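[1] sequence and predicted structure below; questions after.
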Amino acid sequence: MSGSERTCCGVVEEARIRAHERRAHKPQPWIVLKFAVGLTLALIAYTSYVYVTFCRDMIVKNENALGSPTMGVVFLIVFSFLLFIVLWSYFAVVITPPGYPAHFLEKTVLEQPVHPPPQQPATFDETRGMSFELMTPAADLPNHASALSHPGHAVPMTPPAVPEPTKQDKVSQSTFYYQGSSTPREAHIMDVPADPESAHVPEPAPPLSHENFHEPSSDASSQMFARRPSTTPILVSEFRFCNKDKIIKPPRTHHCRACGTCVLKYDHHCPWVGHCVGAYNHKFFVNFVQWASILSFWMFATVLGLNIKSQTGFSSPDINPQHIVLLALTGLFGLFCCLMFLTQVQLIMLNQTTVESLGFRSMQEREHDNLARMYRWYDCGAKKRAKQAWDKEWGRIGKEGNLWWLGSRRANWESVMGKNVWWWFLPVGRVLEDGMNFPTNPRFDKQGRWRRRREWPSDLQ
């Protein structure tokens, strides 16, 4: 390849990278965000038309009817009720914003270091924040508490200090744990008052010691492959600053690249509702996928059952092509909504968001890899005992090791869905959380670090 060709390819690649960076820092247009909402309503309208026609043929005793008039009336009543709940839930989640802290938090200016921090790999998700592991809380936090509390004040931040990894660090690097995030880029600052006027900056992190963290073991293998939660003090509000919105993010808040702003208790960006699922509309989203799956399966089962029954006779009518389209749409949409509903129920009972669950899954995968290095593939009993020993020392990863675990599945569920049982099924009521402040797990220290079981409060040991 000639030099001119290489130069041409380099220009094209540079243009592609610049275009990607512009899109990454620019929110999607309004028409793009809301296009899927119109598509969803169109699909609901078309499937409803086909199903109402299906019921009408039975009620008026049309020659294409697949059932009796009584059956048509019952099917139409049930369908109307389910459709009403689905539309009610859908409009509730669409018109309810997830919560944007940039709308009620004043901007803060941070003094940039002389040497900018190293750029993160381009593979990291843009909804994540800055990596704690690449920064050192060397700033005098108590002296800068007022600067964090008042907009316009500059808070000096020290350049990242990344020491050279030792041989042991390289071996055990995969065991580091980042609380509630899928990548180390996310900056999780938990249980800190979100209001800049009343922001409280914790005391500087105490020096690491074997008493607080990891004790050396005589067994080199167990030391290298032991469970190693992150020792980063993640409750330090210094690292909760959003470079795009210029605010100090409340706990569990993430910046959504599609919406172009930070979202309170960010769960995920859902194109079908036109914005993110967050603190204020999470409950309505669960109600929507719950009733949408029921409606889809009802339409799928009734149309499929009567079509199969009609084909068993001697004079079987031709299958309506629109019924085939209806079965395909309701089957796929119902399966998608059902899986989404079951996933959301599981995460809510663990008090995790979708983003946070990726971090726990990543730690479990790293521990699985470490067990594979420690034991042969057939040593299942040894792997199980090693994992039980880690759980006995630290607690379970997604529960005792979750900074937001409230102590029981019921408490976690009620924090999102409410205490009234009717609120669990209907898109009414309000969430118990304000989206700005969250109670923390007492198994973590004041800096947000997961402690060993022996360091927990006595009533939890």
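    Thanks, I have the structure now.
[2] so who does the residue nearest to residue 268 when sequence neighbours are not counted touch?
    Spatial nearest neighbour of residue 268, excluding adjacent residues (Cβ to Cβ, 6 or more residues apart in numbering): residue 354 at 4.6 Å. Yep, even glycine has a C-beta here, placed from its N, CA and C like the rest. Listed by Cβ atoms under 8 Å, 6 or more residues apart in numbering, the contact partners of residue 354 are 267-268, 343, 347.
[3] can you list the low-confidence ranges for this protein?
    Along the chain, segments meeting pLDDT under 70 span 1-9, 18-25, 110-224, 313-315.
[4] just the closest of the contacts of residue 354 to residue 101, please.
    Within these, proximity to residue 101 (Cβ to Cβ) peaks at residue 267, which comes in at 15.2 Å.
[5] so what's that closest one up against?
    Residues in contact with residue 267, defined by Cβ under 8 Å, 6+ apart, are 276-278, 282, 285, 353-355.
[6] what does residue 271 give?
    Applying Cβ under 8 Å, 6+ apart, we find residue 271 in contact with 33, 36, 258.
[7] using a markdown table, lay out these together with distance to residue 242.
    Below are the contacts of residue 271 laid out as a markdown table (distance: Cβ to Cβ, whole Å):
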| residue | distance to residue 242 |
| --- | --- |
| 33 | 20 |
| 36 | 26 |
| 258 | 15 |
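[8] in helices only, show me those.
    Members of the contacts of residue 271 lying in helices (criterion: DSSP state H): 33, 36.
[9] can you say which of the contacts of residue 271 are buried?
    Neighbour-count burial (16 or more other Cβ atoms under 10 Å) applied to those gives 33, 258.
[10] and the two most separated of the contacts of residue 267?
    Longest distance between any two of the contacts of residue 267 is 14.7 Å, between 285 and 355; criterion Cβ to Cβ.
[11] show me which of the two is the more surrounded one.
    More crowded of residue 285 and residue 355, by other Cβ atoms under 10 Å: residue 285, with 28 against 22.
[12] name the helix or strand for that one, please.
    Per DSSP states H and E, residue 285 falls inside helix 282-310.
[13] which strands or helices does that helix pack on?
    Applying 3 or more Cβ pairs under 8 Å, 6 or more residues apart in numbering; DSSP states H and E, we find helix 282-310 packed against helix 30-59, helix 69-95, helix 321-349, helix 409-417.
[14] what's the angle between the first one and helix 69-95?
    With axes from the mean of the first three to the mean of the last three Cα atoms, to 10 degrees applied, the angle from helix 30-59 to helix 69-95 works out at 170 degrees.
[15] tell me which other helices or strands helix 30-59 touches.
    If you count contacts as 3+ Cβ pairs under 8 Å, 6+ apart, helix 30-59 packs onto helix 69-95, helix 282-310, helix 321-349.
[16] what about residue 341, distance to residue 303?
    In this view, residue 341 and residue 303 are 22 Å apart by Cβ to Cβ, to the nearest Å.
[17] more neighbours, those two?
    Higher neighbour count among residue 341 and residue 303: residue 303, with 23 against 20, using other Cβ under 10 Å.
[18] isn't the more buried one right next to residue 51, touching?
    Yes - using Cβ atoms under 8 Å, residue 303 makes contact with residue 51 at a distance of 7.2 Å.
[19] joint contacts of these two?
    residue 326.
[20] list the buried residues for the helix or strand that residue 358 is a member of?
    In this assignment (DSSP H and E), residue 358 forms part of helix 354-374. Neighbour counts over helix 354-374 (16+ other Cβ under 10 Å) mark 355-360, 362-363, 366-367, 370-371 as buried.
[21] can you check stretch 32-42 too?
    In terms of neighbour count (16+ other Cβ under 10 Å), stretch 32-42 has its buried residues at 33-34, 37, 40.
[22] related to what we said a few turns ago, neighbour-wise, give me the winner out of the contacts of residue 354.
    In terms of neighbours by other Cβ under 10 Å, those top out with residue 267 at 26 neighbours.
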